[in-house]
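Asks: Here you go, sequence then predicted model.
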Amino acid sequence: MANTRITTRQGEIVTLDEAALNTLKGQIRGSLLGTEDPEYATVRKVWHGMLDKKPARIARCRGIAAVMAAVHFARDRQLRFSVRPAATMFPVQRFQSLNEGDATC
């Protein structure tokens, strides 16, 4: 997993090194995707297809504990992030907007 440039809540660009990303990956049940992953292009799209955003990393969390770990990771590092609900919650998803350098959980 390569280093990742990501935006903080203050708008600064910081680099998360491979060790930090591996720590997060070890804390969540699910996968941690980046632009280098084959499924990234499909997973990043929103259901209605009107937005074309490219988050820095996507945590595909499996369960509440994994979501909490991803949110705590982002919060502790002051990272901008969005939470995208499961497909069954699609009406909420339409309000999501991610920018390059953001993360999604």
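Replies: Looks like it arrived, so ask away. Every value quoted in this text rests on a predicted model; they were computed, and no experiment measured them. Numbers count the residues shown, from 1 in each chain.
Asks: From now on I want contacts and neighbour counts done on CA atoms only, so please keep to that.
Replies: Will do.
Asks: how about the strands in the chain?
Replies: Here the chain has its strands, by DSSP state E, at 4-7, 13-16, 30-33, 57-61, 81-82, 103-104.
Asks: and those strands, which is most packed in?
Replies: strand 103-104 (a mean of 25; mean count of other C-alpha atoms under 10 Å).
Asks: for the record, mean pLDDT for that strand?
Replies: The average of the pLDDT scores along strand 103-104 is 58.
Asks: swap in stretch 26-46?
Replies: For stretch 26-46, mean pLDDT rounds to 87.
Asks: any idea how far Pro38 is from Arg44?
Replies: 11 Å (C-alpha to C-alpha, to the nearest Å).
Asks: In terms of packing, which of those two has more residues around it?
Replies: Arg44 (20 against 10; other C-alpha atoms under 10 Å).
Asks: tell me the contacts of the more buried one?
Replies: Shown in contact with Arg44 (C-alpha atoms under 8 Å, 6 or more residues apart in numbering): Lys53, Lys54, Pro55, Ile58.
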